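Colleague: turn this into a structure:
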Amino acid sequence: MTHDRVPATVITGFLGAGKTTLLRHVLESAGGRRIAVIVNEFGAVGIDRETLRACFIPGCADADIVELANGCLCCTVADDFVPTLTALLDRPDPPTHILIETSGLALPKPLLKAFAWPSVRSRVTVDGVIAVVDAPAVAAGRFADDPAAVAAQQRADTAIDHDNPLAEVFDDQVNAADLIVLNKTDLLADGGAAVAAAIAARLPHARILPACEGRIDPAVLLGLAAAAEDDLAARPSHHDALDGAHEHDDFESFVVDLPEIGDPASLLVRLRQAAGFAGVLRIKGFAAVHGKSMRLAVQGVGTRFRQHYDRPWPAEGPRAGHMVVIGQTGLDRAGITRALLG
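Modeller: Predicted coordinates:
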């Protein structure tokens, strides 16, 4: 019976797929639900939590957004996730739904196993797993085992091996999903039809939803009643034999502090130059622009960047800009830092 258990939705997906954007859309369309959010970041600076805090959504308080930055959720369920979940449930006015945004490097299955723990099982159920997929990235042949996609990938860069940890993470995420949100379909001429067909060929029973900016009706995303913690066998993982373990030594992140800038356009040029360095997967952060009272938020995947003014800088304290760079181990930190600072 699940009627007295709080439903939780796990939002997974690779770096930059649009998980935070989708989550924000759900919060904006909550329809009276008391929603709490657990955000798991990769890196030392919590950009995603800051992005959600900047939403100014009525009823969305800072205390409802909890950041776990001590490591990937799939590796720290006992130390971080279960205590955090328990603290949310023990509130005088507990949430009626919990949204969990995993890091782009997380495997969903170890997290799902945690919901079967006796201390959690009687209080929470996994309503559903949502995998957010970057449609243009998959169309370009990244993180897919489809032969046509792999061939395109090899033509673009013969040094990339399709059977690398990134591809395995992608596979584990879509295999665990109850719904696959094919995001950024507006950037593809066919609206993502080819990508959807390729995923459906590999996962015949997958439910795939095209989206732009993660705009999916919460009534579709929430209330799936999947009870995923009881359905682990139907969610295969490359790492089942290892009990969900995986290595994070393949990835690294670092922070570059940015002085106040005068021109966002010149920053965009520097960001794209930095993103061109070998191994860079993701750059995200905030910048202070001279003469602007609002903070400039930046999100980038590969050389695609978006920026907008998201919230006022605090009246007190420094206007501290910074960028988090995430990539494969061995990044040229000095070179990337020089490119970002100009």
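
Colleague: for Ala194, phi and psi?
Modeller: Ala194 adopts backbone torsions of phi -70, psi -40, taken as degrees, to the nearest 10.

Colleague: how about it, what does it touch?
Modeller: Ala139, Leu188 (C-beta atoms under 8 Å, 6 or more residues apart in numbering). Glycine gets a C-beta too; all of them are placed from N, C-alpha and C.

Colleague: and if you look at the one 5 residues further on?
Modeller: Ile199 makes contact with Val133, Val138, Val174, Ile180, Leu182, Ala206, Ile208, according to C-beta under 8 Å, 6+ apart.

Colleague: for Ala211, same thing?
Modeller: Gly18, Leu22, Val181, Leu182, Asn183, Lys184, Thr185.

Colleague: gap between the helix or strand harbouring the fourth one and the chain center?
Modeller: Following DSSP states H and E, one finds Leu182 within strand 179-183. In this view, strand 179-183 has its centroid 13 Å away from the chain centroid, taken as C-alpha atoms, centre = their mean, to the nearest Å.

Colleague: contact partners of it?
Modeller: Under C-beta under 8 Å, 6+ apart, the answer for strand 179-183 is 13, 17-18, 21-22, 128-135, 174, 192, 195-196, 199, 203, 206-214, 216, 220-221, 224.

Colleague: which of those are buried?
Modeller: 13, 17-18, 21-22, 128-135, 174, 192, 195-196, 199, 206, 208-212, 214, 216, 221, 224 (16 or more other C-beta atoms under 10 Å).

Colleague: phi first, then psi, for the residue of the chain most remote from its centre.
Modeller: Centroid-distance maximum for the chain: Gly291 at 31.9 Å, with C-alpha atoms, centre = their mean. Its backbone dihedrals place Gly291 at phi 80, psi 0, with angles given as degrees, to the nearest 10.

Colleague: closest one of the contacts of Ile199 to Trp313?
Modeller: Val133 (34.2 Å; C-beta to C-beta).

Colleague: leaving out chain neighbours, which residue sits closest to that closest one?
Modeller: With sequence-adjacent residues excluded and distances taken as C-beta to C-beta, 6 or more residues apart in numbering, Val133 is closest to Leu182, at 5.3 Å.

Colleague: then Leu89?
Modeller: Arg123 (5.4 Å).

Colleague: from His238, how far off is the one you found?
Modeller: Distance of Arg123 to His238, computed by C-beta to C-beta, to the nearest Å: 30 Å.

Colleague: next, the residue lying closest to Asp257 once chain neighbours are set aside: secondary structure please.
Modeller: In space, and not counting its chain neighbours, Asp257 is closest to His322: 5.1 Å by C-beta to C-beta, 6+ apart. Using DSSP: H, G, I helix; E, B strand; the rest coil, the structure places His322 in strand.

Colleague: same question, Gly214
Modeller: coil.

Colleague: just checking, it touches Asp134?
Modeller: No: in this structure, Gly214 is not within contact of Asp134 by C-beta atoms under 8 Å, at 11.2 Å.

Colleague: anything in contact with each of these two?
Modeller: Counting by C-beta under 8 Å, 6+ apart, the residues touching both Gly214 and Asp134 are Gly18, Asn183.

Colleague: where does the stretch 101-250 of the chain dip in pLDDT?
Modeller: 143-165, 239-250 (pLDDT under 70).

Colleague: counting neighbours, what do you get for Thr337?
Modeller: Burial of Thr337 is recorded as 16 neighbouring residues (other C-beta atoms under 10 Å).

Colleague: what's the mean pLDDT across whichever strand or helix holds it?
Modeller: Using DSSP H and E, Thr337 falls within helix 333-341. For helix 333-341, mean pLDDT rounds to 94.

Colleague: what distance do you get for Leu258 to Gly223?
Modeller: Counting by C-beta to C-beta, the gap from Leu258 to Gly223 is 42 Å.

Colleague: span of stretch 103-120 from start to end?
Modeller: 21 Å (C-alpha to C-alpha, to the nearest Å).

Colleague: which residues touch stretch 86-100?
Modeller: Under C-beta under 8 Å, 6+ apart, the answer for stretch 86-100 is 6-11, 23, 26-27, 33-38, 40, 64, 66, 73, 85, 111, 119-120, 123-124, 127, 222.

Colleague: ok, 6 Å please
Modeller: If you take C-beta atoms under 6 Å, 6 or more residues apart in numbering as the criterion, stretch 86-100 is touched by Pro7, Ala8, Thr9, Val10, Leu23, Arg33, Arg34, Ile35, Ala36, Val37, Ile38, Arg123.

Colleague: can you confirm the fourth one is in a helix?
Modeller: No: the assignment for Val10 by three-state DSSP gives strand, which leaves it out of any helix.

Colleague: partners of it in the sheet?
Modeller: Val10 has the following beta-bridge partners by DSSP bridges: Ile100, Val129.

Colleague: that one contacts Val129, doesn't it?
Modeller: Yes: with contacts counted by C-beta atoms under 6 Å, Val10 reaches Val129, the gap being 4.7 Å.

Colleague: hey, C-alpha coordinates of stretch 277-289 in PDB?
Modeller: Extracted in PDB, the C-alpha atoms of stretch 277-289 (Å, rounded to 0.1, in the frame of the first residue of the first chain):
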ATOM      1  CA  PHE A 277      39.700  22.400 -24.500                       C
ATOM      2  CA  ALA A 278      40.000  18.600 -24.600                       C
ATOM      3  CA  GLY A 279      37.700  16.800 -22.100                       C
ATOM      4  CA  VAL A 280      35.500  19.800 -21.100                       C
ATOM      5  CA  LEU A 281      31.900  18.600 -20.800                       C
ATOM      6  CA  ARG A 282      30.100  21.400 -18.900                       C
ATOM      7  CA  ILE A 283      30.700  25.000 -17.700                       C
ATOM      8  CA  LYS A 284      28.200  26.700 -15.500                       C
ATOM      9  CA  GLY A 285      28.100  29.600 -13.000                       C
ATOM     10  CA  PHE A 286      27.500  33.300 -12.400                       C
ATOM     11  CA  ALA A 287      29.100  36.600 -13.400                       C
ATOM     12  CA  ALA A 288      28.900  40.100 -12.200                       C
ATOM     13  CA  VAL A 289      28.400  42.700 -15.000                       C
END
